[in-house]
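[1] Sequence plus the predicted model coming up.
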Amino acid sequence: MTLTVPQATQRAIAAYERGAWGEAELLCRQVLAVKADAFDALNLLGIIAAQTRRTQEAAELLERAAAANPTSAVAQNNYGNTLKQLGRLDDALASYDRALQLNPGYAEAYNHRGVTLQELNRLDEALESYAYALKIKPDYAEAFINRGVTLMERRQPEEALENYDCALKIKPDFAEAYSNRGNALLERKRLDEALDSFNRALKLKPELAEAHYNRGKALQELKRLDAALDSYDRALQIKPNYAEAHCSRGYALQELKRLDEALDSYDRVLKIKPDFEFMYGVWLHTKMLLCAWGDAERHVAELLARIENQEKASHPFPLLALTGALSVQRKAAEIWVSDKYPSSLALPPIVKRERREKLRIGYFSADFRDHAVAHVMAGLFETHDKSRFACTAFSYGPDTKDDMRKRVQAAFDSFIDVRNMADKDVAVLARKLEVDIAIDLGGFTEGSRTGIFAMRTAPVQVNYLGYPGTMGADYMDYLIADRTLIPETSRQLYAEKIAYLPDSYLANDGKRVIAEQTPAREALGLPRTGVVFCGFNSSYKITPGTFDGWMRILQQVAGSVLWLREDNATATRNLRQEAAARGVGVDRLIFAPRMPLAEHLARHRAADLFIDTLPYNAHTTASDALWAGLPVLTCLGETFASRVAASLLNTLDLPELVTTTPEQYEALAVALGTDPPRLAQIRRKLERNRLTTPLFDTSRCTRHLEAAYMQMYERYQADLPPDHLHVSP
């Protein structure tokens with residue numbers, strides 16, 4: 001029996017509703033063979049094409065459907081959905097607007113319009129569109145979910161949480177709502193509650209890859225790294241090309257020091273999505289940690305080109321060791337801050353406070369523990385003038401309970417563990433305590449919490465010590481430096497105003513203990529005779545160019561060896577291979593394992609000369625060497641990170657160890673390595689100057705830093721904007 005067009009159309013709709021999509025599609029095509037502009041057949045066929053991921057075909061069919069029935073709001077809405085899937089967001093928006101002109105009470109069109117506006121980053125308009133959808137349809141759970149997602153993008157997790165809870169009241173079995181709710185809780189640092197929310201999502205929908213991924217993030221925040229890896233792996237079993245899960249899996253592996261596996265994960269991310277935000281720099285930094293330099297020059301050039309092109313190519317930190325161009329480092333910082341931590345209006349402006357007897361200083365860090373930052377700052381914390389300064393520590397790192405943690409904790413008037421508090425709550429707390437000057441000791445280093453400062457936690461905010469460069473943020477008022485680090489001609493390339501200390505910017509703890517006994521060279525794996533060049537910088541600071549220079553030095557200084565820090569087995573293996581490729585015997589590279597600080601400082605005495613890296617110098621590492629009496633040879637660059645060793649040497653009155661070109665650097669290393677009396681003379685000068693020049697005078701550094709704080713505060717009290725400051729000797 002031959003079916004009429006209406007009969008065939010009704011059968012097609014019935015087949016679709018019972019899940020027989022193939023039969024429905026066949027019937028629709030039979031209808032269109034008879035009547036090419038049959039609206040219902042075109043519309044249904046377009047929906048089926050969209051649901052079977054034939055998006056371009058769906059768009060063509062639904063465009064024909066909309067033309068066949070210009071008064072159908074449903075057709076315009078469906079057409080908009082396919083346009084959105086094709087990435088034609090402006091066209092999709094126009095289609096939703098036409099649907100709403102035809103039917104102003106069409107809640108679904110308002111919801112889809114909101115999602116499109118969100119993708120266009122028009123977040124306020126998106127929220128307005130969801131509000132219309134919910135006014136029309138108050139029990140619209142999907143609109144509550146989408147509104148929550150938009151609020152999360154606006155960094156309003158509390159409001160997002162309220163919307164997810166509304167969705168779950170309407171639809172208690174909404175797995176996606178539980179997963180998104182967990183993300184909001186995660187942002188609020190309510191980690192156990194977040195984990196519970198993800199578990200609820202997975203109980204409802206075990207195949208929800210996003211919930212497995214989000215659960216992994218919560219576990220990683222809780223430092224349950226092996227469990228986090230298991231969650232990421234489950235997400236990837238369901239969704240093998242889930243780039244975000246591969247990325248977070250890499251981060252977890254990196255925390256576990258499984259760098260080779262982390263690099264494999266980052267490789268997968270870039271294969272799936274070559275422009276994955278900020279991944280190229282992470283990938284390249286990991287290769288540098290492993291000293292895996294294959295095609296390094298091309299990779300670095302590509303990274304720099306991406307940054308110059310304003311792409312989200314790298315976290316700022318890797319750039320410190322990959323380029324000596326100050327302008328590129330600033331641009332990378334600005335791109336990062338603009339995307340991740342823009343200036344926030346979540347809190348009102350700080351009301352100006354009356355002067356008090358004591359200036360209230362807040363130090364913010366993840367590193368109040370056995371860490372380089374605490375090693376150099378502990379003495380400064382202890383020598384603050386308690387009659388003039390009230391100092392509070394805001395700690396968001398792990399409570400390691402080690403000796404350094406205990407020492408630092410005792411040095412402060414108040415020590416507050418805020419690691420389980422959200423950024424906003426920390427900022428509110430600091431305001432409640434009426435902190436006058438907030439010091440960020442982390443910048444963009446591991447564990448930093450830039451979001452706290454984006455909300456303006458104190459009237460004056462300072463970037464100091466942890467991150468050797470500009471943060472590119474308009475809410476960071478000052479950067480502590482010195483005249484060697486930032487010449488006046490370079491100041492325009494820093495977003496902060498510069499507070500110049502008269503000596504070196506780097507605080508030092510004059511109480512650092514050096515073990516009394518210096519191990520014999522043989523006990524350290526070193527040859528009994530010959531020059532020992534020492535380079536204890538982290539492996540990622542060793543660039544191919546630096547290593548080329550080192551190998552040329554070894555080749556010209558007979559019997560010399562290079563003593564390096566043992567960071568990871570792969571880096572050790574790769575550096576030996578690189579030495580052999582340059583004609584240097586692998587036995588001339590000797591690797592020093594980790595050991596307690598006092599013993600580590602003592603073993604420096606077994607070396608003859610510390611040779612620095614460029615463009616990222618030794619910082620605390622150089623300070624350690626100099627404190628132990630080992631001369632440091634450096635090469636001065638343009639960036640903050642490439643001038644720190646020179647700052648230390650100038651403060652010690654050892655400018656003869658500061659060179660300005662790689663050629664000078666290599667020539668001086670060879671000259672000192674082949675002239676033992678000259679090197680011995682420099683070593684004696686270092687020993688004389690070590691305790692008579694300002695570098696290791698902790699009290700002097702503290703007084704200078706306090707003077708800088710007072711100048712900042714006086715400008716604030718006088719209603720003057722931040723400006724470059726100079727502290728007198």
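    Cool, got the structure. Just so it is clear, the model here is predicted, and its values are computed rather than measured. Numbering: from 1, shown residues only.
[2] okay, now the domains of the chain?
    5-234, 277-340, 359-501, 522-696 (automatic domain parsing).
[3] Need these in CSV (columns: distance to Met712, mean pLDDT and mean neighbour count).
    (Glycine included, C-beta is placed from N, CA and C.) Output for the domains of the chain, formatted as CSV (distance: least, CB to CB, whole Å; pLDDT from 0 to 100; neighbours: other CB atoms under 10 Å):
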stretch, distance to Met712, mean pLDDT, mean neighbour count
domain 5-234, 28, 94, 20
domain 277-340, 21, 98, 20
domain 359-501, 5, 97, 21
domain 522-696, 19, 97, 19
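[4] so which of those domains gets nearest Arg715?
    Closest approach to Arg715 among these (CB to CB): domain 359-501, 8.4 Å.
[5] roughly how far out does that closest one sit from the chain middle?
    Distance of domain 359-501 from its chain centroid, counting by CA atoms, centre = their mean, to the nearest Å, is 17 Å.
[6] residues in contact with the residue most central in space within the chain?
    By CA atoms, centre = their mean, the chain has its centre lying nearest to His315, at 5.2 Å. Residues near His315 by CB atoms under 8 Å, 6 or more residues apart in numbering: 278, 281-282, 285, 332, 336, 444.
[7] List the ones among these that fall in strands.
    Per DSSP state E, strands hold no members of the contacts of His315.
[8] Looking at those, which one is closest to Gly379?
    Nearest to Gly379 among the contacts of His315 is Phe444, at 25.2 Å by CB to CB.
[9] which element follows the lengthiest helix in the chain toward the C-terminus?
    If you go by DSSP state H, the chain has its longest helix at helix 698-717. Sequence order places strand 725-726 as the next helix or strand after helix 698-717, per DSSP states H and E.
[10] neighbouring strands for that next one, and are they parallel or not?
    The pairing partners recorded for strand 725-726 under DSSP bridges are strand 497-501 (parallel).
[11] Counting by contacts, list what the next helix or strand after the partner strand packs against.
    Counting by DSSP H and E, the element after strand 497-501 in chain order, helix or strand, is strand 532-535. In terms of contacts (3 or more CB pairs under 8 Å, 6 or more residues apart in numbering; DSSP states H and E), strand 532-535 is packed against helix 544-556, strand 561-565, strand 609-611.
[12] what about the ones you listed, which gets the closest to Tyr96?
    Across these, closest to Tyr96 is helix 544-556 (CB to CB), at 53.5 Å.
[13] how about the closest one as PDB, C-alpha atoms only?
    What follows is helix 544-556, C-alpha atoms only, in PDB (Å, rounded to 0.1, in the frame of the first residue of the first chain):
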ATOM      1  CA  PRO A 544      71.900  23.400  24.800                       C
ATOM      2  CA  GLY A 545      73.800  26.700  24.400                       C
ATOM      3  CA  THR A 546      75.000  26.700  28.000                       C
ATOM      4  CA  PHE A 547      76.000  23.000  27.700                       C
ATOM      5  CA  ASP A 548      78.000  23.700  24.500                       C
ATOM      6  CA  GLY A 549      80.000  26.300  26.400                       C
ATOM      7  CA  TRP A 550      80.600  24.000  29.300                       C
ATOM      8  CA  MET A 551      81.900  21.300  27.000                       C
ATOM      9  CA  ARG A 552      84.300  23.800  25.300                       C
ATOM     10  CA  ILE A 553      85.600  24.700  28.800                       C
ATOM     11  CA  LEU A 554      86.300  21.100  29.700                       C
ATOM     12  CA  GLN A 555      88.100  20.500  26.400                       C
ATOM     13  CA  GLN A 556      90.400  23.400  27.100                       C
END
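[14] mind putting the helices and strands packed on strand 532-535 in TSV, distance to Asp440 included?
    Output for those, formatted as TSV (distance: least, CB to CB, whole Å):
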stretch	distance to Asp440
helix 544-556	29
strand 561-565	27
strand 609-611	29
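[15] tell me the phi and psi of the closest residue to Asp482 other than its chain neighbours?
    Among residues not flanking Asp482 along the chain, Tyr505 sits closest, at 4.6 Å (CB to CB, 6 or more residues apart in numbering). Backbone torsions for Tyr505, taken as degrees, to the nearest 10, come to phi -70, psi -20.
[16] Right, I'll call it a day here.
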